[in-house]
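A.B. asks: return atomic coordinates for the entry below.
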Amino acid sequence: MKKWFFLLVVLFLVLGYQAFQLQQKIENKGQGKEDYTTIEKSSQSNDRTIKVEKDQIYEGNLILVNKNFPVHQAGIKSDVVDLIHNKNLLTGYGLLDNSIKLSKSVAQVFSTMIQDAGKEGVNHFLISSGYRDSKEQSKLYQTMGADYAMPAGYSEHNVGLSLDIGSSQKKMSQAPEGKWLTKNAWTYGFILRYPEDKTDITGIQHEPWHFRYVGLPHSMIMRQKNLSLEEYLDFLKEQKTISSTVGGKKYEIAYHRITSNTTIQVPSKGQIEISGNNMDGVIVTVAL
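C.D. replies: As a prediction, the model looks like this:
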């Protein structure tokens with residue numbers, strides 16, 4: 001009889017302890033003390049998973065194109081247009097000839113920038129060169145030689161993001177247009193691609209007329225840190241993640257190495273833009 005009584009007491013104590021643990025869990029959840037599973041879900045609630053294909057390495061506004069990294073088909077802008085047939089994009093500047101092409105989205109930003117320059121009395125801009133296909137680039141290379149042109153597939157002009165800007169008054173190194181762009185183009189997403197003090201890095205002689213669209217906030221960060229595109233991409237790979245505030249807007253920029261089709265985590269909030277670097281990864285830019 002005593003044995004049965006002892007077993008009942010033990011059973012009662014075990015059941016009581018389990019009930020106590022259950023009550024504690026309920027109370028902890030009510031007080032915000034979540035268990036590991038809940039915390040795991042909560043930590044991921046601010047992120048979302050997106051698919052990234054390997055070919056995305058080769059496309060976007062930040063791709064590096066030079067003698068070591070040629071243009072891939074995926075990198076050529078899909079919205080290249082004849083500017084002469086898009087009068088709404090020609091406000092405030094002229095064309096050296098009627099065959100000049102450019103990415104439509106880049107031309108829209110350029111037109112806005114030039115109209116703003118005109119408000120300051122700087123209004124003698126013209127585009128002397130924009131997008132070139134392989135055939136046109138090959139012809140230029142054969143005519144100008146390696147000192148003044150790149151082979152087909154190795155020029156930024158083969159993408160649609162770059163343009164040569166001139167002045168109808170003077171050489172760009174002396175013209176008000178050149179000085180205005182050197183000072184202000186960065187705030188619109190353009191960079192002076194081949195600065196005088198970066199020739200040893202870019203491998204290209206100083207070209208005060210050659211501007212490249214990389215977009216915000218990248219152009220402003222490059223300006224603030226005095227970085228060429230080559231240096232900026234190396235900087236992002238080194239830092240992995242950086243934050244920057246440009247024009248009162250906060251940005252988070254992250255580099256991801258890509259070796260195959262994969263998925264990456266990105267913030268669930270904010271406008272997201274993904275660009276490859278044309279080397280080994282993608283840069284995710286989030287405007288918060």
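A.B. asks: in the host helix or strand of Thr143, what counts as buried?
C.D. replies: Taking DSSP states H and E as the criterion, the element that holds Thr143 is helix 134-144. Within helix 134-144, the residues scored as buried using 16 or more other Cβ atoms under 10 Å are Glu136, Gln137, Leu140, Tyr141. (Glycine included, C-beta is placed from N, CA and C.)
A.B. asks: how about the helices in this structure?
C.D. replies: 2-30, 36-44, 104-119, 134-144, 176-184, 199-202, 218-225, 229-239 (DSSP state H).
A.B. asks: centre of the chain to stretch 206-213, how far?
C.D. replies: The gap between where stretch 206-213 is centred and where its chain is centred comes out at 18 Å by Cα atoms, centre = their mean, to the nearest Å.
A.B. asks: ok so, going back, could the buried residues of helix 134-144 go into JSON lines alongside pLDDT and distance to Val122?
C.D. replies: Output for the buried residues of helix 134-144, formatted as JSON lines (pLDDT from 0 to 100; distance: Cβ to Cβ, whole Å):
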{"residue": "Glu136", "pLDDT": "92", "distance to Val122": "30"}
{"residue": "Gln137", "pLDDT": "94", "distance to Val122": "31"}
{"residue": "Leu140", "pLDDT": "90", "distance to Val122": "29"}
{"residue": "Tyr141", "pLDDT": "89", "distance to Val122": "33"}
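A.B. asks: re the thing from before, worst mean pLDDT among the helices of the chain?
C.D. replies: Set side by side, the helices of the chain differ in mean pLDDT, and helix 36-44 is lowest with a mean of 28.
A.B. asks: circling back to that earlier point, and which of the buried residues of helix 134-144 is nearest Glu53?
C.D. replies: Gln137 (26.9 Å; Cβ to Cβ).
A.B. asks: now do the contacts for the closest residue in space to that closest one that isn't next to it in sequence.
C.D. replies: Excluding its sequence neighbours, the residue lying closest to Gln137 (Cβ to Cβ, 6 or more residues apart in numbering) is Ala152, at 4.1 Å. Neighbour list for Ala152: Ser134, Lys135, Gln137, Ser138, Tyr141, Asn158 [criterion: Cβ atoms under 8 Å, 6 or more residues apart in numbering].
A.B. asks: from those, which is closest to Asn66?
C.D. replies: Among the contacts of Ala152, and counting by Cβ to Cβ, the member closest to Asn66 is Asn158, at 11.7 Å.
A.B. asks: the closest one: how many residues sit nearby?
C.D. replies: Burial measure for Asn158: 23 neighbouring residues, criterion other Cβ atoms under 10 Å.
A.B. asks: for Gln271, same thing?
C.D. replies: So Gln271, with other Cβ under 10 Å, has 10 neighbours.
A.B. asks: please apply the same query to Asn184.
C.D. replies: By other Cβ under 10 Å, the residues close to Asn184 number 15.
A.B. asks: might one say that it is in contact with Met113?
C.D. replies: Yes - with contact defined as Cβ atoms under 8 Å, Asn184 counts as touching Met113 (7.4 Å).
A.B. asks: against which helices or strands is the strand ranked longest in the chain packed?
C.D. replies: Longest strand of the chain, by residue count under DSSP state E: strand 249-257. Other helices and strands packing on strand 249-257, by 3 or more Cβ pairs under 8 Å, 6 or more residues apart in numbering; DSSP states H and E, are helix 229-239, strand 241-246, strand 281-287.
A.B. asks: buried ones in it?
C.D. replies: Neighbour counts over strand 249-257 (16+ other Cβ under 10 Å) mark Tyr251, Glu252, Ile253, Ala254, Tyr255, His256 as buried.
A.B. asks: show me the contact partners of that strand.
C.D. replies: 52, 217-218, 236-237, 239-245, 264, 267, 270, 277, 280-288.
A.B. asks: ok so, going back, just the helices and strands packed on strand 249-257: most buried one?
C.D. replies: Among these, strand 281-287 has the highest mean neighbour count (mean count of other Cβ atoms under 10 Å), at a mean of 20.
A.B. asks: got the angle for that strand vs helix 218-225?
C.D. replies: Interaxial angle, strand 281-287 versus helix 218-225 (axes from the mean of the first three to the mean of the last three Cα atoms, to 10 degrees): 100 degrees.
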